[in-house]
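>>> using only what follows, build the 3D model:
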Amino acid sequence: MRLSRLSRTTLGLVTGLILLVVYVPLLVVLVNSFSTSTSLTWPPPGLTLEWWGRAFRSAGALEAVGTSVQVAIVSTIISLVLGTLISLALQRFEFFGREAISLLIILPIALPGIITGIALNNFFRTIMGVPLSIWTVVIAHATFCIVTVFNNVIARLRRLGTNLEEASADLGAGVWTTFRLVTFPQLRSALLAGGLLAFALSFDEIIVTTFTAGSGVTTLPIFILNNMFRPSQAPIVAVIAVVLVLVSILPIYIAQRLSGSEQRR
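As a prediction, this is how the structure comes out:
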């Protein structure tokens, strides 16, 4: 379908406007991280690297980064294991309720975060009687990080088919040997892409974390929220926000490149 010149121009203008609305605020945050003003006045009266040095020496910020990394790594590992097993079960076997289970797996990432957070908070505290801690945050993050792994792995399994696995079985290989030598090598890039997306999703998540973190658990997004309106901390928060954006973009970029290379292959 060919668009008229007016349609192409209009579409280009709308797209450019949307990109400006999305990325100009990020550019403002980047510039503010170098501003000499503690109140982040605009335009910045001057530029300095002082806030970057303070941010990397801030004990609270470093502790929050460590907590976010720990939560993201553990929830990603859980998501990789469970997401892969669920994908194999739903794609390779026929059983009653398979479509319903597939919907239930995807549902946590489709629900509003506040609904998921309230539900998990009630589950941990009221039903299970478990105090909120870093482990409740890990479990909460794993519930929606599984979706990214599940979507990548099941899409790959659908493209692969079962011919190679059946040939391996005909040659006498067992289930584990077939998975280790035939299935897993073809899933590695999908698992890496899904794991990177899960890590990025967990690292900067704040809504569900707010409802499931204990009083002594402070992830990086929560640290930013708690310090954002403190005048003396505003430039440091801007620095941390820039770092958070960079850390989130990198795994998403790598995952996109991996998915693109597999599609071209």
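>>> run through the stretch 151-265 of the chain and note the low-pLDDT ranges.
Counting by pLDDT under 70, the ranges of the stretch 151-265 of the chain that qualify are 231-232, 255, 258-265.
>>> where do the helices sit along it?
Applying DSSP state H, counting those that start in this stretch to the stretch 151-265 of the chain gives helices spanning 163-170, 175-178, 184-203, 207-212, 220-227, 234-264.
>>> could I get the ones you listed as TSV with distance to L19 and mean neighbour count?
Bear in mind the C-beta positions are built from the backbone N, C-alpha and C, glycine included. Conversion of the helices of the stretch 151-265 of the chain to TSV gives the following (distance: least, CB to CB, whole Å; neighbours: other CB atoms under 10 Å):
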stretch	distance to L19	mean neighbour count
helix 163-170	43	13
helix 175-178	46	12
helix 184-203	20	21
helix 207-212	25	22
helix 220-227	24	20
helix 234-264	15	17
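>>> and I118, which of those helices is closest to it?
I118 sits nearest to helix 207-212 of all the helices of the stretch 151-265 of the chain, at 6.1 Å, using CB to CB.
>>> remind me what the closest one packs against, helices and strands.
Applying 3 or more CB pairs under 8 Å, 6 or more residues apart in numbering; DSSP states H and E, one finds that helix 207-212 contacts helix 113-122, helix 134-160, helix 220-227.
>>> the closest residue to F223 other than its chain neighbours: neighbouring residues, count only.
Of all residues not flanking F223 in the chain, A64 sits nearest, at 3.8 Å (CB to CB, 6 or more residues apart in numbering). With neighbours defined by other CB atoms under 10 Å, the count for A64 comes to 22.
>>> what residues are up against A64?
For A64, the contact set (CB atoms under 8 Å, 6 or more residues apart in numbering) comprises 218-220, 222-223.
>>> again, only this time at 7 Å
Listed by CB atoms under 7 Å, 6 or more residues apart in numbering, the contact set of A64 reads 218-220, 223.
>>> ok, and the closest non-adjacent residue to the spatially most central residue of the chain?
Among the residues of the chain, the one closest to the centroid is L201, at 1.3 Å (CA atoms, centre = their mean). The shortest distance from L201 to any non-neighbouring residue, by CB to CB, 6+ apart, is to C145 (5.7 Å).
>>> before we move on, what's the pLDDT of that neighbour?
The predicted local distance difference test score for C145 is 89.
>>> also the one 5 residues further on?
F150 carries a pLDDT value of 90.
>>> so what's it closest to, chain neighbours aside?
Leaving aside its chain neighbours, F150 sits nearest to G83 (4.4 Å; criterion: CB to CB, 6+ apart).
>>> quick check on that neighbour: phi, psi?
When read as degrees, to the nearest 10, the backbone of G83 gives phi -60, psi -40.
>>> which residues does it contact?
Listed by CB under 7 Å, 6+ apart, the contact partners of G83 are 146, 149-150, 153, 194.
>>> most neighbours, which of the residues you listed?
Neighbour count (other CB under 10 Å) singles out G194 as the most crowded of the contacts of G83, with 31 neighbours.
>>> pretty sure it contacts V147?
No - under the criterion of CB atoms under 7 Å, G194 lies out of contact with V147, with a separation of 9.2 Å.
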